[in-house]
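Q: Model the following, please.
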Amino acid sequence: MSYQGKFRVWRGDDSGGALEDFTVEVNEGEVVLDIIHRLQATQAPDLAVRWNCKAGKCGSCSAEINGRPRLLCMTRMSIFEESETITVTPMRAFPIIRDLVTDVSFNYTKAREVPSFAPPKDLAPGEYRMQQVDVERSQEFRKCIECFLCQNTCHVVRDHEENKEAFSGPRFLMRVAELEMHPLDTADRVDQAQEEHGLGLCNITKCCSEVCPEHIHITDNALIPMKERVADRKYDPIVWLGNKLFKRS
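A: Numbers count the residues shown, from 1 in each chain. As a prediction, this is how the structure comes out:
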């Protein structure tokens, strides 16, 4: 079964652009990326879109569909009414290159700012030992495909461009949390999260968790635990007294 679907797709570049209307054939079982490819093949051969695996694992085809950050390849056409006009726009939080393609280099800059895993110096490769519970705690975070939908939907940078320098975003605060929770990591990530990565700017609205295609509980399992560790260090009276008595940093 097929029908003629109505679409509004953003066309333009960093100098400006607008939504353009298209009518495209939609077949049973298709996803939005299929429609974008058909649109390229039949009506707009110069339409720019970033994609790779078409299996929801590379994170390349991130965009906004009817205003919600989604993967084009994982958004089935069956969730929309046949009479509905579907709007496809680029991710709003990042600079536009052309059409549906955005410049996500901000995320790679922030990734480089997170110090790597720091095991004990006297522990050689192959000697790492961890409890299964510690493995499971961080395993969830490693499902991240770096689609950057969480970065895009986070209003700290989505609505406030000026925060980008001070705020790493949920994806990389999650990485800091993963390392902080690692039993063999010797680096102090608590002050780092607050002072260098802008953890305090996050107000835990959970919008990052809501758009994650891997269903990672970013807020509950990464951001809130890190905030609790920061609060313990700064405001817990017992911790404060211990720091004073034993001169811990």
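Q: Please state the mean pLDDT value computed over stretch 205-214.
A: Mean pLDDT, stretch 205-214: 97.
Q: brain fart, stretch 179-190
A: For stretch 179-190, the per-residue pLDDT averages 93.
Q: Next, the buried residues of it.
A: By neighbour count on 16 or more other Cβ atoms under 10 Å, the buried set for stretch 179-190 is 179-182, 185, 189-190. Every residue, glycine included, has its C-beta placed from N, CA and C.
Q: got the CA positions of the helix or strand where residue 178 lies in CSV?
A: Assigned by DSSP states H and E, residue 178 falls within helix 170-181. Provided in CSV are the C-alpha atoms of helix 170-181 (Å, rounded to 0.1, in the frame of the first residue of the first chain):
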residue,chain,number,x,y,z
PRO,A,170,24.8,15.7,28.4
ARG,A,171,26.8,13.4,26.2
PHE,A,172,30.2,14.4,27.6
LEU,A,173,29.0,14.9,31.1
MET,A,174,27.9,11.3,30.8
ARG,A,175,31.4,10.4,29.8
VAL,A,176,32.8,12.2,32.8
ALA,A,177,30.3,10.3,35.0
GLU,A,178,31.3,7.0,33.4
LEU,A,179,35.0,7.6,34.2
GLU,A,180,34.2,8.9,37.8
MET,A,181,32.3,5.7,38.5
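Q: From one end of stretch 61-76 to the other, what's the distance?
A: Using Cα to Cα, to the nearest Å, one end of stretch 61-76 lies 14 Å from the other.
Q: Run the chain-centre distance for it.
A: Put simply, stretch 61-76 sits 13 Å off its chain's centre (Cα atoms, centre = their mean, to the nearest Å).
Q: how about it: buried residues?
A: Judged by neighbour count (16+ other Cβ under 10 Å), stretch 61-76 contains these buried residues: 61-65, 69-75.
Q: residues in contact with it?
A: Residues from elsewhere that reach stretch 61-76 (Cβ atoms under 8 Å, 6 or more residues apart in numbering): 29-33, 36, 49-56, 59, 86-92, 100, 147-149, 152-153, 211, 213.
Q: swap in stretch 183-191?
A: Residues outside stretch 183-191 that contact it (Cβ under 8 Å, 6+ apart) are 115, 117-120, 123, 128, 130-131, 134, 176-177, 179-180, 226, 229-230, 233, 249.
Q: now do the same end-to-end measure for it.
A: Span of stretch 183-191 from end to end, Cα to Cα: 17 Å.
Q: Can you give me the end-to-end span of stretch 173-193?
A: Using Cα to Cα, the two ends of stretch 173-193 sit 7 Å apart.
Q: same check, this time on stretch 115-129
A: Termini of stretch 115-129 sit 21 Å apart (Cα to Cα).
Q: Equivalent analysis for stretch 44-61, please.
A: Start-to-end, stretch 44-61 (Cα to Cα) is 18 Å.
Q: Show me which residues of the helix or strand bottoming out on mean pLDDT in the chain are buried.
A: Of all helical and strand segments in the chain, the minimum by mean pLDDT, DSSP states H and E falls on helix 237-246, at a mean of 76. For helix 237-246, a neighbour-count test (16+ other Cβ under 10 Å) marks nothing as buried.
Q: Using CSV, list the CA coordinates for it.
A: Only the C-alpha atoms of helix 237-246 are listed here, as CSV (Å, rounded to 0.1, in the frame of the first residue of the first chain):
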residue,chain,number,x,y,z
PRO,A,237,29.2,18.9,56.8
ILE,A,238,30.9,15.6,57.5
VAL,A,239,32.8,15.7,54.3
TRP,A,240,33.7,19.3,54.9
LEU,A,241,35.0,18.5,58.4
GLY,A,242,37.0,15.6,57.1
ASN,A,243,38.6,17.8,54.4
LYS,A,244,39.6,20.3,57.1
LEU,A,245,41.0,17.7,59.5
PHE,A,246,42.9,15.7,56.9
